[in-house]
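K.L.:
below: sequence and its predicted model.
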Amino acid sequence: MTGYDAEFLGFTVPLPVSPAEIRVLDYTHFSVLLDPHRRLAAATACVIDGATLLALRRTGRWRLDGRVPHGEQSGSELYAGNPLDRGHLVRRLDPVWGDAETATRANHDTFTYTNAAPQVNRFNQSKELWNGLEDHVLAYAAAHDHRIAVQTGPVFAADDPAYRGVRIPRLFWKVVAWVGPGEVLRSTGFVLDQTPQLDDAQLHEITAQALARDDIPPLGPFRTYQVPVADVAALTRLGLGPLPAADVLAVPPPTPSGSRPTDITIHRLPRARAWSEIRTPDQIALPPRATPRS
């Protein structure tokens, strides 16, 4: 298993650095930073060669990683008899590239429980958007070798509710990196929120009632935000190497008035920041395209 390649883009983009104890697990074209106390991945990192992606069918059964004690990962018992999805952190299609044997192995590897996180199972437009972010950035980066690196994971918070021995995160993050015009490293960050749209008192009460019945904590429909990469680092307390400095939002491009209304303020940051929800791919802020290489 080759794992994540920090030199894949021609720049050094290392694995995230966690202040907590983690276990680094390498798979085909991606790595998982498993938090054994949370029993979920703190982060994942994957490299994608869009020029050699293979469209393999979805074939795979979720299984535990035999390299890790059962008590340090969350298996089928977390998802049994409830509507939770086993959400792929590294998207199934992302590492499925290269020759047929390698791509098949990568497809198989994504179905390891260390690459899963509990997520809303109800389908909605923003869930489709979240699942397609890599495709959108790959299409944008097509002029520069069709290569991107994707780091993603949950946001672990002190108030995440405990369900069946696992604290359920309500926010997830993703940072995508690529080489832009002028051979410059670029990145952009996103956050997925599955917090119900309730005030704090209601959320606390409904969560307590659900857990008392052994029901899953209340989760809302996905809402997706493009956010400063520095905000991702602050939320997660992860070291993201050169990615905050490479952020395309470091100098926010102008957007039409009212096109991305501010509708969430994140108070977990050192200074509360307002984020704007994105509802369609054309609302994602990316620099102007360069002329494709000849």
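P.N.:
Arrived safely, thanks for sending. Being a predicted model, the structure only gives us computed values, none of them experimental.
K.L.:
show me the beta-bridge partners of residue 175.
P.N.:
residue 151, residue 189 (DSSP bridges).
K.L.:
now do the contacts for it.
P.N.:
For residue 175, the contacting residues are 150-152, 187-190, 229, 232, 240, 243, by C-beta atoms under 8 Å, 6 or more residues apart in numbering. For every residue, glycine as well, the C-beta is placed using N, CA and C.
K.L.:
now do 7 Å
P.N.:
151, 187, 189, 229, 232, 240, 243 (C-beta atoms under 7 Å, 6 or more residues apart in numbering).
K.L.:
out of those residues, which sit inside strands?
P.N.:
151, 187, 189 (DSSP state E).
K.L.:
are any of the residues you listed buried, and if so which?
P.N.:
151, 187, 189 (16 or more other C-beta atoms under 10 Å).
K.L.:
quick check: the gap between the first one and residue 71.
P.N.:
Distance, residue 151 to residue 71, using C-beta to C-beta, to the nearest Å: 26 Å.
K.L.:
pick the one among the ones in strands among the contacts of residue 175 closest to residue 134.
P.N.:
Residue 134 lies nearest to residue 151 out of the ones in strands among the contacts of residue 175, by C-beta to C-beta, at 11.5 Å.
K.L.:
need the contact list for that closest one.
P.N.:
Contacts of residue 151 (C-beta under 7 Å, 6+ apart): 16, 43-45, 175.
K.L.:
tell me the pLDDT of residue 123.
P.N.:
In this model, residue 123 is scored at 65, pLDDT.
K.L.:
can you check residue 277 too?
P.N.:
Residue 277 is given a pLDDT of 86.
K.L.:
quick one: the strands in the chain, in order.
P.N.:
Going by DSSP E, the chain shows strands at 23-27, 30-35, 40-49, 85-88, 116-119, 147-155, 162-163, 166-167, 171-180, 184-193, 223-227, 262-266, 273-278.
K.L.:
which one of the ones you listed has the lowest average pLDDT?
P.N.:
For the strands of the chain, where the average pLDDT is lowest is strand 262-266, sitting at a mean of 57.
K.L.:
list the residues that contact the residue nearest to residue 116 when sequence neighbours are not counted.
P.N.:
Leaving aside its sequence neighbours, residue 116 sits nearest to residue 86 (C-beta to C-beta, 6 or more residues apart in numbering; 4.3 Å). Residues counted as contacts of residue 86 (C-beta under 7 Å, 6+ apart) are 62, 79, 116.
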